[in-house]
Structure formats: structure tokens, C-alpha cells
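J.: the following comprises the amino acid sequence and a computationally predicted model.
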Amino acid sequence: MALLFVAAASSAAHAQQQMVVVPTRIIYPGDVITPEAIDSVPLRRKLRDPSAIIYRYDDLGGKVARRTLLPGRLIPVGSVRDAWLVERGSTVQALFQHGSLEITVSGVPLENGSVGDLIRVRNIDTGVVFTGIVLADGSVKVTAS
């Protein structure tokens, strides 16, 4: 009877064990993280700061490594970033709206940026540098300052 209780307690503890994701191979800075490069494993130890690591692949989908990620090691939150939607040196459309006034110009980003990032852009025609926020469609929204 005692053996049955210990086995039941052990399986209950195992069922409650938290799962984390770890790389299955070396992932270098700048590499997009793919499902093939990630495996889910049980967390073996208690962490000092549980919010500092990534637990699910859904939190990694489409992200890019900021630093080298080693196989079997936990993935710190700060080691990944969103993929750049706007890349430095490419051409983007910059949009300024104020009431019914709408101005669209072509610009060259001076920085890489993801959705929601504030970046500097140079107007192709005038050379004027301004700042704007990267939108989901890859354009940059400029606001009056």
C-alpha cells in the first residue's frame, strides 16, 4: 500500500513538472528560430527568476537569436528578438497624416526596426532625416513633433 502511494505521488509530481524549450542544435546570432531547432523538455531545477526564460515555442515563433544559443540550454528572454520588418538601407514608404492631409514619401531607414520600433528615416528626395514608427505592413508612420 505504501509503495502504491509513493508511485502515485511520484507520477503526480512528474505531471506537474514544468516544461521549457531548449535548442536541439547551435543557433547563431541572426538565425531565425525554427520548430526543428527547438525541443520541449522538463525543467529540472527551480529558477531564481522564472520570468527570465522562454517556456513555449509560441513565444519564439519567427524570432531571431541575438546571441549564440547552445543545445540543451535554457533560452533567456533577452537572447531573442523579433525579426526586422524594416532593414537599414532598404526603401520604405513613410506616411504622415494630420486630419484630411496625407503625405507619402519614399525613404531609406537608417536603422533596422520591428513593428512598433521608433526609427530614423532619410527622405530620398530631400535628404531630410525624420523619425517614425514601423507599422505591420513595413511602412513607417510619421507624427508631427
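T.: Noted; the coordinates are in hand. Numbers count the residues shown, from 1 in each chain.
J.: and the chain, what are its domains?
T.: With domains defined by automatic domain parsing, the chain comprises 18-81, 92-142.
J.: show me what contacts residue 27?
T.: Residues near residue 27 by Cβ atoms under 8 Å, 6 or more residues apart in numbering: 33, 37, 65, 68, 69. For the C-beta atoms, the positions are set from N, CA and C on the backbone; glycine is no exception.
J.: rebuild those residues as a markdown table, extending it with pLDDT, distance to residue 100 and neighbour count.
T.: A markdown table is the format used below for these (pLDDT from 0 to 100; distance: Cβ to Cβ, whole Å; neighbours: other Cβ atoms under 10 Å):
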| residue | pLDDT | distance to residue 100 | neighbour count |
| --- | --- | --- | --- |
| 33 | 93 | 44 | 23 |
| 37 | 92 | 49 | 19 |
| 65 | 95 | 45 | 21 |
| 68 | 97 | 51 | 13 |
| 69 | 96 | 49 | 23 |
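J.: inside strands: which ones of those residues?
T.: residue 65 (DSSP state E).
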